[in-house]
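A.B. asks: A predicted structure for the sequence below; I have some questions about it.
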Amino acid sequence: MTTANASTAQHPGPLKTHAGNRARARPAFHAREWLRKTALRLAFAAVLVFCLLPIAFLIATSFKTRDEVLSGHFLPLAPTLANWSSVFDIAPLHRHLLNSLGVALISVVVTLVVAVPAVYAVVKLRRGPALASALLSSYVAPPVVALLPLFFMMRYAGLNNSVLGLGLVDGLMNVPVAFWLLRSFFKQIPVALDEAAWLDGVGYWRTLWRINLPLLWPGLISTALICLILTYNEFLLASVLNSRPDIRTITVAISLFQGERVVNFGQMAAASLVGIAPVYLVALAFQKHLVGGLGAGR
């Protein structure tokens, strides 16, 4: 027994050797994990600063005088509320905000009414396979190409200088975006559900309305939000198709703070923050749906 104990003490077993190796490897593993997490946090922090820097610059500029804006200082040396008090006297921003929201809501309704049946026909009914490519090719062309024909068409239809006309045009312009976003959501719904309904004698429209749409609500919400933001931020069509001051959208109203010789940077920054606030609150409230929609379209 004494000899065996001495031999065991001189030559430790494999269990003790492996335990020692694991003990030495554990600090190295924790160090690598800590470095990885730290690098990720620094990367996220850099992206966050990059995204928030323009907003911070707008906020700082809205409290600056004209001389401070031209001096190039990031923070105002003598903050003033003159820009905020004068911006609402110069332009009725509340009316422009309502115009933008009205155009965006009409546009979303038009986009979904056109895009949902089109996606259902292509994905589920296997009809019009070339429609997807045709829609995408139409969206690739710059909007300025269709500006002149659209202007005359809207004038002949009597829809110039109206919220309804601008919402109709923006809604049709966003159909390709909605088509590609909704396509992936439709593909996630099993075709077997539609086939079972068809075997029971249910028509295509009722199948779309009663089976697909209840399962499609997350995709519809995310697509509607993305199209709403695109329409809300649109400037070119809004500046050409609507020339009446009481029909201007917020993007057109903000551009008018730039005079012929002098740019009122402080007032423009304050008006920009007013225009950003509604769409920012909407995006913040529905951020999960927005992330799901931006990750769709595969």
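C.D. replies: In hand now; what should we look at?
A.B. asks: In which helix or strand does Leu125 reside?
C.D. replies: Under the criterion DSSP states H and E, no helix or strand holds Leu125.
A.B. asks: which residue sits closest to it, ignoring its sequence neighbours?
C.D. replies: Tyr204 (6.8 Å; Cβ to Cβ, 6 or more residues apart in numbering). Backbone N, C-alpha and C define where each C-beta goes, glycine included.
A.B. asks: Measure how buried that neighbour is and give me the count.
C.D. replies: Other residues near Tyr204 number 15, with proximity taken as other Cβ atoms under 10 Å.
A.B. asks: Check Leu136 too.
C.D. replies: Neighbour count for Leu136, taken as other Cβ under 10 Å: 13.
A.B. asks: ok, now which ones touch it?
C.D. replies: By Cβ atoms under 8 Å, 6 or more residues apart in numbering, the residues touching Leu136 are 176, 180.
A.B. asks: Just the mean pLDDT for the helix or strand encompassing it, thanks.
C.D. replies: Leu136 is part of helix 130-140 when elements are defined by DSSP H and E. Average pLDDT, helix 130-140: 73.
A.B. asks: So for it, what gets flagged as buried?
C.D. replies: 132, 135 (16 or more other Cβ atoms under 10 Å).
A.B. asks: same check, this time on stretch 178-194
C.D. replies: Of all the residues in stretch 178-194, those buried under the rule 16+ other Cβ under 10 Å are 178-186, 189, 194.
A.B. asks: Need the per-residue pLDDT for the nearest residue to Lys124 once chain neighbours are set aside.
C.D. replies: With Cβ to Cβ, 6+ apart as the criterion, Lys124 has its nearest non-adjacent residue at 5.4 Å, and that residue is Asp194. Asp194 is assigned a predicted lDDT (pLDDT) of 82.
A.B. asks: Repeat that for the one 4 residues further on.
C.D. replies: At Trp198, the model reports a pLDDT of 85.
A.B. asks: Can you report how many residues lie near it?
C.D. replies: Neighbour count for Trp198, taken as other Cβ under 10 Å: 14.
A.B. asks: Show me what the host helix or strand of it is in contact with.
C.D. replies: Per DSSP H and E, Trp198 falls inside helix 191-199. Helix 191-199 is contacted from outside by 124, 206-207, 210-212, using Cβ under 8 Å, 6+ apart.
A.B. asks: next one: the helix holding Leu136 to chain centre, how far?
C.D. replies: When distances are taken as Cα atoms, centre = their mean, to the nearest Å, helix 130-140 is centred 21 Å away from the chain's centroid.
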